[in-house]
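A.B. asks: Fold the following for me, if possible:
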Amino acid sequence: MAMPTKVLVVGDSLSAEYGLARGSGWVALLEQRLQKERVGATVVNASISGDTTSGGRTRLPSLLEQHKPTHVIVELGSNDALRGLPLAMTRDNLTVMLRAVRNTGAQALLVGMRMPPNYGRAYTQEFESMYPLLAKAEGAALVPFMLAGVADAPNSAALFQDDRLHPSAQAQSIIFDNVWPVLRGQLHP
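C.D. replies: Residues are numbered from 1 along each chain as shown. Okay, the predicted model is just below:
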C-alpha cells in the first residue's frame, strides 16, 4: 500500500508567515490547493523565522522521523547570507539535508533565493548559482527563485512588508505560483 502523501516544509520566515495573518502564507495556499485538487496530501509546516541552514540541518532528522514525509520542500539559506556566513557551510548544510531526504525515499524540492547586491558581486552570484548546482548534484527539484515576480516586480515595494525583507500578504499567491508547478510535477509525474 502506498504511503499517504505528506509534504514537509522546512524553511525560514518566508515560509513561516512572518508578519502575516495565520493561514495566509504560501504554505497555507499550498494546503488549500491540495485540498481543492483532492490530492489527499497533508502539509506540515516546520518553518521557523530566523532559521539558518545549520538549524534546518539539525532539526531535519527528527522531522523526517516524526512526520515520515513523501515530499520535503527545503527553503533555507537567506538567513545564512544575511548574516554573511560562509557559502561553503551553507552549501554543505543543504547538501546534507537533501541527502537525508533522499535517503528516506522522499522527494526533495529545493527553493532557491537571491541576495541583494550589497554583499558584493562574487558572493551574490555564488549564492544564486548554489541552488541549481545543488539541485542537479543531489537529484532535487528546483524552484530557481522563490521571490520571482515579487522582488523583481516593477511594484516590488508594494509586495513587501515595511521591513523590505518579508513579502506582504499580497505576495503570497505569487510565491505559491512559483512553487506549485514544481511540486505538482513531483506529485503527478
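A.B. asks: can you map out the helices along the chain?
C.D. replies: 26-36, 53-67, 78-82, 87-103, 121-138, 172-187 (DSSP state H).
A.B. asks: how far off helix 87-103 does the longest one point, in degrees?
C.D. replies: Relative orientation of helix 121-138 with respect to helix 87-103: 20 degrees, computed using axes from the mean of the first three to the mean of the last three CA atoms, to 10 degrees.
A.B. asks: what does the average pLDDT come to for helix 121-138?
C.D. replies: Averaging pLDDT along helix 121-138 yields 95.
A.B. asks: can you check the last one too?
C.D. replies: Computed over helix 172-187, the mean pLDDT rounds to 96.
A.B. asks: Check what contacts it and list those residues.
C.D. replies: The contact list for helix 172-187 (CB atoms under 8 Å, 6 or more residues apart in numbering) reads 5, 7, 14, 20, 24-26, 29-30, 33, 39, 41, 71, 73, 107, 109, 111, 141-143, 145-150, 153, 159, 167. All C-beta spots, glycine's among them, are computed from the backbone N, C-alpha and C.
A.B. asks: let's see it at 7 Å
C.D. replies: 5, 24-26, 29-30, 33, 39, 71, 73, 107, 109, 111, 141-143, 146-150, 167 (CB atoms under 7 Å, 6 or more residues apart in numbering).
A.B. asks: swap in the fourth one?
C.D. replies: Residues external to helix 87-103 that are found in contact with it (CB under 7 Å, 6+ apart): 53-54, 56-57, 60-61, 64, 72, 74, 76-77, 80, 108, 110, 126-127, 130, 134, 138-140.
A.B. asks: Buried subset of those, written for PyMOL?
C.D. replies: Here is the PyMOL command that selects the buried residues among the contacts of helix 87-103 (16 or more other CB atoms under 10 Å):
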select buried, resi 53+54+56+57+60+64+72+74+76+77+80+108+110+126+127+130+134+138+140
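A.B. asks: to the chain's geometric centre, what's the distance from stretch 61-73?
C.D. replies: 14 Å (CA atoms, centre = their mean, to the nearest Å).
A.B. asks: Span of that stretch from start to end?
C.D. replies: With CA to CA, to the nearest Å as the measure, stretch 61-73 spans 14 Å from end to end.
A.B. asks: average pLDDT for that stretch?
C.D. replies: For stretch 61-73, the per-residue pLDDT averages 98.
A.B. asks: in it, what's buried?
C.D. replies: Quick answer for stretch 61-73 (16+ other CB under 10 Å): 63-64, 67, 69-73.
A.B. asks: re the thing from before, mean neighbour count, the helices of the chain: which tops it?
C.D. replies: Each of the helices of the chain was scored by mean neighbour count; the highest is helix 78-82, a mean of 22, by mean count of other CB atoms under 10 Å.
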